[in-house]
Every structure is written in structure tokens, then in C-alpha cells.
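> model this:
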Amino acid sequence: MFILCEGKAAVKPYKMPVTGQRVYSLEELCYYIYNNIYTISEDLFQESLAEWLRDETEHPVLAKKIQGMLSADRKLKDMVVTILCGCDYYKEEEIRELVGVMDEIANLPVHKKKKIKADNYLRSGRYGRSLLEYRRLLQGSFAVNFTTEEYGDILHDQGIAHFYTSSFEEAQRDFKEAYARNHKKDSLYHYLWVLLIRDEEALFETEAAALGMSPKEIDSVRRRYREAVAQCHIPEEREGDLERYKKQLSEAFAC
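As a prediction, this is how the structure comes out:
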């Protein structure tokens, strides 16, 4: 995607907290904020952002506004609006709609905000950090606030984090328990796929039948698994290759 920039493009990009994505202009910064509003937090607005706006993109007035707002401990919404109004990339009505979304986020209960935070880490590939957040949700005082289905969905996401950060065995356990709670085929299929990844063919057959799948559905799951594997390269005995293989396999299943 190309973003039309009227201001100066930075030589040194600004690195986004959480996702690590780099932006090279005020317009790119606005685009990122607008399209990732659920990931935006106070962490984005630091002195380093003001310095970048001043020194790299030559927006001294905007930089001074952000510095003043940081000193005055202004609300996140106010700083987001100030950035978006710093150029003409978005129309006033679009900014107002975004403010409405931010108000909705601000009014969410704490446990739902923490779920969004964990999902943001997972989405951005920070699997270890997302795993810590999911564990806090599942094992801490917030767990009672989730419905059975929501708890299962969190287990599913924890399974994805486990898939990347530790072992297939832990991911397998998460997906199975997730399906027992949310009854979603996505969790069921992930559970069965991990069994096939681990070469647990006999257990795959037993579990699939016990979970009420027809022979046609079982064949479909196995076919989907083989198609996914065919898209990937089997790793050599090196950690980097294994991580790359995990990513390729997971992306293939998600298609």
C-alpha cells in the first residue's frame, strides 16, 4: 500500500511500541493509529515521539503540542486527535468516528481491556508476552468475568501462543480444552492438526471419532493438514528453521 505524504519523509523511522512497525512520515503515523486503534495506548506517546516529529518530519508545532500534552498528562484520546489533526490525511468526520470507537474502548470493563491487550501482542507476533497476558486472564482474578465460551476463546489464543513459544504438546492441550468450552470448529481443527503434527495418528482417529466427527469430516481434516504441510518446508534441526516452519504451518491452516 502506498500512502500519499505531503510532509517530509523521515530518514530515521519511528518504531511503534508493541508491534515494532516503523513509520516514516506523519501521514504514515496517522494511518497506523487510525487502522490499529485497538492497539494504541499511552505507550505510543513518549518524549521520543515528539522529538521524532520535530527532528525527522519537521513538524515543530505539532511536536511542541505533544510535549505540552505529555507534561499536562492529557488523555490518550486528546493526543490521538492532535496527531490526526496534524495533517489532512483524514477528514473531520472520520476522526469523529474514531473518537467514538475510543470512547467505546475506554468504557469497556478492565478484563475486556486486558483481553484486547493480550490479543494485540499475539497479533503483532510477540507470542511470549501474549502468553503471559493470557495466563493472567485464565489463572487470575479476572477469569470469573468471562463466559464459558469466552474462556474457551482465550484458551484457543493461548494455544496459538504456546504453538510458537514452547511446545506442540501444550498447544494441543489448550486447543482441546478450548473446544470443550467454546464448541468452535476452529479450536477442534487446531487440536486435531496438532495431533497430526505430532504424528499421533492413532490418537487422531480415536479423538476425532469420539468428538462426533463423521468419516467424511475426518478425511477433510486430514486432507487440509496434508495441503498445509505441502505448502511448507520441513525444517532442518535448527531452531530458526523450526520457528519458520511453525509460522508457515499456522498461516497455511488459517487460510
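> so what's residue 74 up against?
When the contact criterion is Cβ atoms under 8 Å, 6 or more residues apart in numbering, residue 74 has no partners at all. (Glycine included, C-beta is placed from N, CA and C.)
> show me the helices in the stretch 51-200 of the chain, by range?
Taking DSSP state H, counting those that start in this stretch as the test, the helices found in the stretch 51-200 of the chain are 60-71, 76-84, 92-106, 110-123, 127-139, 148-165, 168-182, 185-197.
> and the first one with helix 76-84, angle?
Using axes from the mean of the first three to the mean of the last three Cα atoms, to 10 degrees, the direction of helix 60-71 lies 170 degrees away from that of helix 76-84.
> next one: helix 60-71 to chain centre, how far?
How far helix 60-71 lies from its chain's middle: 29 Å, per Cα atoms, centre = their mean, to the nearest Å.
> for the residue lying farthest from the centre of the chain, give me its contacts.
Residue farthest from the centre of the chain, counting by Cα atoms, centre = their mean, is residue 215 at 34.7 Å. For residue 215, the contact set (Cβ under 8 Å, 6+ apart) is empty.
> report pLDDT for it.
For residue 215, the pLDDT comes out at 93.
> repeat that for residue 223.
Residue 223 is assigned a pLDDT of 90 by the prediction.
> could you check which helix or strand contains it?
Element membership for residue 223, per DSSP states H and E: helix 215-231.
> and that helix, how far out from the chain's middle?
Taking Cα atoms, centre = their mean, one finds helix 215-231 lying 26 Å from the centre of the chain it belongs to.
> contacts only, for the closest residue to residue 56 other than its chain neighbours.
On the basis of Cβ to Cβ, 6 or more residues apart in numbering, the spatially nearest residue to residue 56 that is not a chain neighbour turns out to be residue 10, at 3.6 Å. Residue 10 makes contact with 23-25, 52, 56-57, according to Cβ under 8 Å, 6+ apart.
> can you pull the contacts of residue 95?
Residue 95 makes contact with 81, 84-85 under the criterion Cβ under 8 Å, 6+ apart.
> buried only: go through the residues you listed for me.
The neighbour-count test (16 or more other Cβ atoms under 10 Å) applied to those identifies 81, 84 as buried.
> and the contacts of residue 95, which is closest to residue 179?
Distance ranking of these against residue 179, using Cβ to Cβ, places residue 84 first at 41.5 Å.
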